[in-house]
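Next input, structure requested:
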Amino acid sequence: MAKNQVRILRQTIDGVLLLDKPVGWSSNDALIKVKRLFNAKKAGHTGTLDPFATGLLPLCFGEATKFAQDLLDADKSYEAVVHLGIRTTTGDTEGDVLEMHAVEVTQGQIDAALQQFTGEIDQIPPMYSALKREGKPLYEYARAGITLDRAARRVLIHTLECVQYNAPYLNLRVTCSKGTYIRVLGEDIGTALGCGAHLQALRRTQVGNLSLTGALTVDAIIGMPELLRNQSLAPVDALLSSLPAVYLLDPLSVRYLQGQRLSLGKEGVALPTEQGRIRVYRQSDGQLLGTGVMAEFGVLAPERLISTHLSC
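Below is the predicted model:
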């Protein structure tokens, strides 16, 4: 360490922050700034949200980072404003205008178009995206004027609702599977309507079972005392609420944390009705121990374990 250099001691905190991300910040920008505000040793986000978008960005601290993949795979919900009649290079407001068309679209045409994009659909990922080709994100090729072939991807649009249409602006509410590009959805709807479109605004309202209810802005976090900041975190298992739960007596908890497979059918433990992933708790104090996979005959295989500073 250089002379007179002060070493910052980061604190160990565990939990999930529901951040209401501001416009203009990348997901990584938000993570770095919030991690610094919490003076946290370890933090990560649960999937990218475009800089021009706002809304829910769950940030994981400490042990919660082990379960971030559960939200990467989760369904998402958005509120979007599609600007009909104008196509841009990026599919949103950050690109240059490519084409402009008159908008003579009826509500009936919109309703028919939205039906085409409900259910399983194929999307071609945009060039302005973080997907990588030969180690480089696609947006770097796009900025250099290079367009690469991209294979279509199958995504699932659970619901696609027209909230308001006031030409040329189309307000939508969308719930979709992971990997769905709302920018591309807006462009494709514009193509189906024959006038082109780009995304004017985007706000994410839900990720899995987590919603904007109780989410904090960065300004709100800055105004909090340190103790209240830490208390604002949701518990680690907020990421796992969709999984069934199993509770273990203390002796079984010790064996589980040692990575042992357990035959719970012989131990009198109440088991979930179906096989698959579960969340595992210690019965005596309700402490989350990790996740596991419930197999045939009541056999529990450990998956991701909480480290001992929480569990022992």
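
From now on I want contacts and neighbour counts done on CA atoms only, so please keep to that.
Fine.

for this protein, where's the lowest mean pLDDT among helices and strands?
helix 308-311 (a mean of 52; mean pLDDT, DSSP states H and E).

Could you give the bridge partners of Val299?
Ser263 (DSSP bridges).

I'd like the numbering to begin with 840 instead of 1 from here.
New numbering, starting at 840: the last item is Val1138.

my read: it touches Lys1105, true?
No. Look at Val1138 against Lys1105 with CA atoms under 8 Å: they stay out of range, at 9.3 Å.

of the two, who's got more company?
Val1138 (18 against 10; other CA atoms under 10 Å).

residue contacts, the more buried one?
Remark: with contacts taken as CA atoms under 8 Å, 6 or more residues apart in numbering, Val1138 is in contact with Arg1100, Leu1101, Ser1102, Leu1103, Gly1104.

got it, and Arg1121?
By CA under 8 Å, 6+ apart, the neighbours of Arg1121 are Tyr1086, Leu1087, Leu1088, Asp1089, Ser1092, Leu1127, Leu1128.

Apply 10 Å and report the result again.
Residues near Arg1121 by CA atoms under 10 Å, 6 or more residues apart in numbering: 1085-1093, 1095, 1127-1129, 1150.

That one and Glu1142, how far apart?
As for Arg1121, its distance to Glu1142 is 16 Å (criterion: CA to CA, to the nearest Å).

still on that earlier bit, PyMOL command to pick out the buried ones of the contacts of Val1138?
In PyMOL, this line selects whichever of those come out buried by 16 or more other CA atoms under 10 Å:
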select buried, resi 1100+1101+1102+1103
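
could I get the contacts of Val1138 as a markdown table with distance to Leu995?
Shown next, in a markdown table, are the contacts of Val1138 (distance: CA to CA, whole Å):
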| residue | distance to Leu995 |
| --- | --- |
| Arg1100 | 35 |
| Leu1101 | 36 |
| Ser1102 | 37 |
| Leu1103 | 36 |
| Gly1104 | 37 |
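
ranges for the strands of the stretch 840-989 of the chain?
854-860, 882-884, 893-900, 915-923, 925-927, 936-939, 958-962, 971-972, 975-976 (DSSP state E, counting those that start in this stretch).

quick one: the last one to chain centroid distance?
Computed by CA atoms, centre = their mean, to the nearest Å, the separation of strand 975-976 from the middle of its chain amounts to 21 Å.

strands paired with it, and their directions?
strand 971-972 (antiparallel).

about what we covered before: out of the strands of the stretch 840-989 of the chain, which is the most enclosed?
strand 893-900 (a mean of 26; mean count of other CA atoms under 10 Å).

quick revisit: can you tell me which of the contacts of Arg1121 is closest to Leu888?
Gly1129 (27.2 Å; CA to CA).

number of nearby residues for that closest one?
25.

which ones are touching Ile1145?
Gly901, Glu902, Ala903, Lys905, Val1075, Leu1096, Gln1126, Leu1127, Leu1128, Gly1129, Thr1130, Cys1151.

and it, backbone torsions?
With angles defined as degrees, to the nearest 10, Ile1145 sits at phi -70, psi 140.

Looking at the contacts of Arg1121, which has the smallest pLDDT value?
Ranked by pLDDT, the contacts of Arg1121 bottom out at Ser1150 (47).

count of residues packed around Ala1059?
Neighbours around Ala1059, by other CA under 10 Å: 10.

tell me which element it falls in.
Ala1059 is part of helix 1057-1061, with elements assigned from DSSP states H and E.

for Arg1012, same thing?
Using DSSP H and E, Arg1012 falls in strand 1008-1015.
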